[in-house]
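Student: With the input below, show me the fold.
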Amino acid sequence: MAAAGELSEPLYFPAAAPRLFGWLHRPAADCGATGVVICKPFGYELLVGHRSLRAFAEMAAAAGIPALRFDYQGTGDAAEIDPDADQIEWWTRDVVAAVDELRARTGVSRICLLGFRLGALIATLAAARCESVTGLVLVAPVTSGRSYLRELRTQQLAARVDASADDAARVAAEGEAGGAVDVAGHAMSAATVAALAGLELTAQAAPHRASILIIDRDDLPAAQTWYRSLRAAGTDAEYLTLPGFVGMMMTTPFLTTLPQAMLETTREWLVRFAARPGGSASSAAHAAGSTRELTLPEAGSEDAITERPVRFGPGGILFGVVSEPPRGEQRRRGVVLLNNGADYHIGASRMYVPLARHWARNGYAVLRMDVAGLGDSGVRPGGPVNAVFPPAVIEDMRAAVDFMREQYDARELTIGGLCSGAYHALGAAVAALPVNRILMINPEAFAWKEGPPLSGDRATAGGALRARAVSGTHWKKLLSGQINPARALTVLSARLTLTLGSQLRALLRTLRIQLPNDAARQFEQIARRGIQVTIVFSQGEPGIELLQLQAGSALRRWPERCHVHVIGGGDHTFTRNAARVVLQKFLSDQLFRRAAG
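Tutor: A predicted model of the protein is given here:
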């Protein structure tokens with residue numbers, strides 16, 4: 001939700017050839033001579049840090065300083081990037097384009113770049129190319145490209161639960177050879193790796209003209225050496241360590257906390273920076289070109305699609321991005337994709353973006369939305385912030401359905417998502433919203449009720465319990481005290497309760513006794529209304545067996561309307577590229593075939 005005294009505007013830029021997406025946060029009053037461009041981190045840190053970066057932008061605008069936060073090409077809502085490109089070079093140019101955009105739109109004459117992690121390194125490189133950049137605030141900056149690459153490759157290996165010694169050797173060899181990196185679904189090209197391997201800020205000339213504030217993380221500070229070299233070169237630099245980095249970027253999105261100390265310190269520094277003499281606001285500010293849409297791949301192409309940011313719902317509280325099919329498309333078909341967890345509308349590993357664009361090219365208008373309190377949506381009065389299961393989610397989905405029907409005449413509508421998004425899609429069908437199909441990706445609960453789902457502890461999955469029961473290692477840990485026996489008994493008890501409860505519900509169903517939150521009954525009601533249900537799992541997901549226990553009878557009774565598919569080689573959020581490609585093809589086949597049928 002926008003801070004008091006701040007107005008936010010979504011836009012695409014640069015005007016001549018829009019490829020980048022951003023949010024311009026304007027102060028309510030006339031701004032002065034100073035503006036802030038926010039340079040995002042890379043990969044998972046970008047996804048987790050979205051909430052905090054929005055807070056930094058809102059903080060600057062509330063202090064009277066306009067701020068532009070934006071997506072580099074190939075990230076977020078921006079256009080795609082050549083997979084072989086040197087992303088460091090491209091993204092440095094993107095920062096320069098963002099500086100020009102902020103100056104053109106607000107008339108500010110001097111810019112402070114506010115960079116986070118890899119974004120801090122990119123901001124430092126961009127500062128050397130922009131005369132108007134006279135300030136740098138760098139949060140937990142990457143100062144050594146080689147060290148950062150080692151960190152990424154360690155994360156790449158750690159993400160592989162089935163990693164072996166051979167995997168470790170292969171990853172090490174790739175590191176020596178300068179091969180591409182893919183961490184949790186976020187790719188870095190071989191050219192980027194090569195460029196990063198040669199980047200050491202301690203070897204770079206100090207950014208001229210710039211005043212620098214370095215805010216290092218307090219748990220693992222890494223920028224002291226660079227700070228000392230800056231001071232030795234006579235640079236106006238300050239350095240301090242502050243808490244908050246882990247809660248901002250190193251947790252899961254629904255557990256993030258705003259780094260209050262970093263926010264307040266940055267605000268104070270920016271206010272002092274803006275008050276320095278030498279800058280003046282320009283009267284040449286203007287709204288550059290038509291920047292409310294993005295054309296992909298290019299205007300005039302037969303399969304060109306258009307993307308545009310939209311606000312909808314009561315008071316425009318909800319935000320999303322719509323991928324529109326090529327002009328002239330006569331079929332009226334739509335898809336709504338819901339947040340997974342507290343990830344914002346690009347989805348885990350940005351998986352929703354290529355899905356939406358592919359479906360748009362095949363005739364669908366696709367809305368990637370943030371429910372209230374998440375991503376770039378506002379907060380309902382009295383509602384929660386960053387809640388995965390907000391109490392008014394049905395109303396948010398109803399607003400999305402109404403929007404798609406009114407604005408895009410979507411006569412055939414699909415709603416879906418990953419994990420909690422799948423659960424909410426089920427809720428839309430149970431609540432009888434006018435949808436034709438639901439797509440559920442790796443759901444973990446199947447009996448919908450308002451609020452958090454009924455308990456479905458992943459540890460109670462029967463497959464996991466059987467594996468542990470025959471595992472000598474597991475028994476050794478239990479007997480040696482490495483595993484808490486009370487916890488083991490609790491899990492076993494929960495499993496038995498789940499199994500017996502499912503059997504009791506099946507018996508009561510045969511006696512026509514209705515039970516609350518009965519997954520099988522809910523699926524049967526959905527199927528009777530003609531709604532198509534597609535459920536996709538990664539192999540080994542605990543939801544597979546849970547679905548059979550809770551709703552297997554309904555699935556067997558309605559095979560023509562309830563379709564379950566398992567994809568091998570994937571994890572819960574389909575971070576591995578090969579599994580994600582299979583997922584996109586399967587979902588697309590289901591969507592297109594059902595539409596044609």
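Student: Backbone dihedrals for residue 128, both of them.
Tutor: Per-residue torsions, residue 128: phi -70, psi -10 (degrees, to the nearest 10).
Student: what's the spacing between it and residue 37?
Tutor: Relative to residue 37, residue 128 is positioned 15 Å away (criterion: CB to CB, to the nearest Å). The C-beta positions use only the backbone N, C-alpha and C, and glycine is treated the same way.
Student: One more: residue 151?
Tutor: Applying CB to CB, the value for residue 151 to residue 37 is 25 Å.
Student: can you check residue 134 too?
Tutor: Applying CB to CB to residue 134 and residue 37 gives a distance of 12 Å.
Student: circling back to that earlier point, so for residue 128 and residue 37, which residue has more residues nearby?
Tutor: Neighbour count, other CB atoms under 10 Å: between residue 128 and residue 37, residue 37 has more, with 29 against 15.
Student: Please look at the more buried one and residue 72 and confirm they touch.
Tutor: No. Residue 37 is beyond contact range of residue 72, at 11.9 Å (criterion: CB atoms under 8 Å).
Student: okay, and the common contacts of residue 134 and residue 37?
Tutor: 111-112 (CB atoms under 8 Å, 6 or more residues apart in numbering).
Student: where does the protein dip in pLDDT?
Tutor: Applying pLDDT under 70 to the chain flags the ranges 1-6, 159-178, 279-290, 298-302, 454-516, 594-597.
Student: switch the cut-off to 50
Tutor: The model of the chain has pLDDT under 50 over residues 3-5, 163-166, 168-177, 289-290, 456-470, 474-475, 478, 491, 597.
Student: Domain map for it?
Tutor: The chain breaks down by automatic domain parsing into domains covering 6-143+209-275, 145-198, 294-454+517-596, 457-515.
Student: Just give me how far the first one sits from the chain centre.
Tutor: The chain centroid and the centroid of domain 6-143+209-275 are separated by 18 Å under CA atoms, centre = their mean, to the nearest Å.
Student: Show me the strands in the stretch 151-300 of the chain, by range?
Tutor: Applying DSSP state E, counting those that start in this stretch to the stretch 151-300 of the chain gives strands spanning 181-183, 186-188, 211-217, 237-242, 294-296.
Student: now swap in the stretch 451-597 of the chain and tell me
Tutor: Counting by DSSP E, counting those that start in this stretch, the strands of the stretch 451-597 of the chain are 532-538, 562-567.
Student: From these, pick the one with the highest average neighbour count.
Tutor: Stretch with highest mean neighbour count among the strands of the stretch 451-597 of the chain: strand 532-538 (a mean of 22; mean count of other CB atoms under 10 Å).
Student: I'd like to check the angle between that strand and strand 562-567, please.
Tutor: 20 degrees (axes from the mean of the first three to the mean of the last three CA atoms, to 10 degrees).
Student: just checking, what packs against strand 532-538?
Tutor: Counting contacts by 3 or more CB pairs under 8 Å, 6 or more residues apart in numbering; DSSP states H and E, strand 532-538 packs against strand 437-441, helix 519-528, helix 543-557, strand 562-567, helix 577-596.
Student: Would you convert these into JSON lines that also reports distance to residue 226?
Tutor: Formatted as JSON lines, those follow (distance: least, CB to CB, whole Å):
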{"stretch": "strand 437-441", "distance to residue 226": "43"}
{"stretch": "helix 519-528", "distance to residue 226": "56"}
{"stretch": "helix 543-557", "distance to residue 226": "47"}
{"stretch": "strand 562-567", "distance to residue 226": "44"}
{"stretch": "helix 577-596", "distance to residue 226": "34"}
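Student: Residue 181 is nearest to which of these?
Tutor: Closest to residue 181 of the helices and strands packed on strand 532-538, according to CB to CB: helix 577-596, at 11.9 Å.
Student: How about residues contacting the closest one?
Tutor: 182, 185, 187, 331, 333, 335, 349, 351, 354-355, 358-359, 362, 364, 412, 414, 437, 439, 441, 532, 534, 536, 538, 563, 565, 567-571, 574.
Student: For it, list every residue counted as buried.
Tutor: 579-580, 582-584, 587, 590-591, 594-595 (16 or more other CB atoms under 10 Å).
Student: just the CA coordinates of that helix, formatted as PDB?
Tutor: The C-alpha coordinates for helix 577-596 follow below in PDB (Å, rounded to 0.1, in the frame of the first residue of the first chain):
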ATOM      1  CA  ASN A 577      14.200 -25.600 -16.200                       C
ATOM      2  CA  ALA A 578      13.600 -29.000 -17.800                       C
ATOM      3  CA  ALA A 579      10.600 -29.800 -15.500                       C
ATOM      4  CA  ARG A 580       9.200 -26.300 -16.000                       C
ATOM      5  CA  VAL A 581       9.200 -26.800 -19.800                       C
ATOM      6  CA  VAL A 582       7.300 -30.000 -19.300                       C
ATOM      7  CA  LEU A 583       4.800 -28.300 -16.900                       C
ATOM      8  CA  GLN A 584       4.200 -25.500 -19.400                       C
ATOM      9  CA  LYS A 585       3.500 -27.900 -22.200                       C
ATOM     10  CA  PHE A 586       1.200 -30.100 -20.100                       C
ATOM     11  CA  LEU A 587      -0.800 -27.100 -18.800                       C
ATOM     12  CA  SER A 588      -1.000 -25.600 -22.300                       C
ATOM     13  CA  ASP A 589      -2.200 -28.900 -23.800                       C
ATOM     14  CA  GLN A 590      -4.900 -29.200 -21.200                       C
ATOM     15  CA  LEU A 591      -6.000 -25.600 -21.600                       C
ATOM     16  CA  PHE A 592      -6.100 -25.700 -25.400                       C
ATOM     17  CA  ARG A 593      -7.600 -29.200 -25.700                       C
ATOM     18  CA  ARG A 594     -10.400 -28.400 -23.200                       C
ATOM     19  CA  ALA A 595     -11.100 -25.100 -25.000                       C
ATOM     20  CA  ALA A 596     -11.300 -26.900 -28.300                       C
END
